[in-house]
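> I would like the atomic coordinates for the input below:
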Amino acid sequence: MKEISARHSIRKYKADAVNKDDIKKIIEAGILAPSAKNRQPWKFIVMEGEKKEDALNVMEKGLERSKEELKDVPGIEPLISDAFNTLGIMRQAPVVIFVENSNGKIPFVDINVNDRITEICDSLSIGAAIQNMLLAATELGYGTLWIANTFYAYQELASYLGIAGQLISAVIVGVPDETPNPRPRKSFDEMVEFR
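Predicted structure coming up:
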């Protein structure tokens, strides 16, 4: 419960490197997560230094493409702006871990009902793995941010990273340079119903 309560999304990082053994411990925590039918559908691509910068440059090109392609979609402007802001945060953190659903398919194609159910179950499993990673990083004294804005640069990142399955998200890890206040939560009674 200590790490669950202490974990916060961190958006400011120090330049300090993350110990390689700690990165391994964080990923090992993810690998220990439960998964539907024990498929263990995750793959983690760890990027640091120049490789990380190259990947984020690719992401920037994808965001620029989405900005142009989606410009006429109502309400898209603040979403794309947020994605660029997220990219700036990702550049600060020393480690980016891209997360792949190794069983998944690109999200832009139709799939049959059975494959969709499998994809949903695998996405839930990967969510559990990511949560384990966030908590392990918190225990080790690191800050993290779970990134979904990779979707606005999906094609570019998936191609650059050589992802054969489905790019799910990214997690950034680093020494926090902020201590944010806890975000407001809905009340227990508002969210729970005993029957």
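> ranges for the helices of this structure?
Here the chain has its helices, by DSSP state H, at 2-6, 20-31, 49-69, 76-92, 113-139, 154-161, 188-191.
> Can you tell me which of those is nearest to residue 41?
helix 113-139 (4.0 Å; C-beta to C-beta). The way it works is simple: take the backbone N, C-alpha and C, and place the C-beta from them, glycine included.
> List the buried residues of stretch 108-124.
Along stretch 108-124, these residues count as buried under the neighbour rule (16 or more other C-beta atoms under 10 Å): 118, 119, 121, 122, 123.
> which residue is nearest the centroid of the protein?
Centroid-nearest residue in the chain: residue 170, 2.9 Å away (criterion: C-alpha atoms, centre = their mean).
> Correct me if wrong: that residue contacts residue 144.
No. In this structure, residue 170 is not within contact of residue 144 by C-beta atoms under 8 Å, at 10.5 Å.
> Please compute how far the longest strand along the chain lies from its chain's middle.
Counting residues, the longest strand found in the chain (DSSP state E) is strand 166-174. Chain-centre distance of strand 166-174: 3 Å, with C-alpha atoms, centre = their mean, to the nearest Å.
> quick one: buried residues of it?
166, 167, 168, 169, 170, 171, 172, 173, 174.
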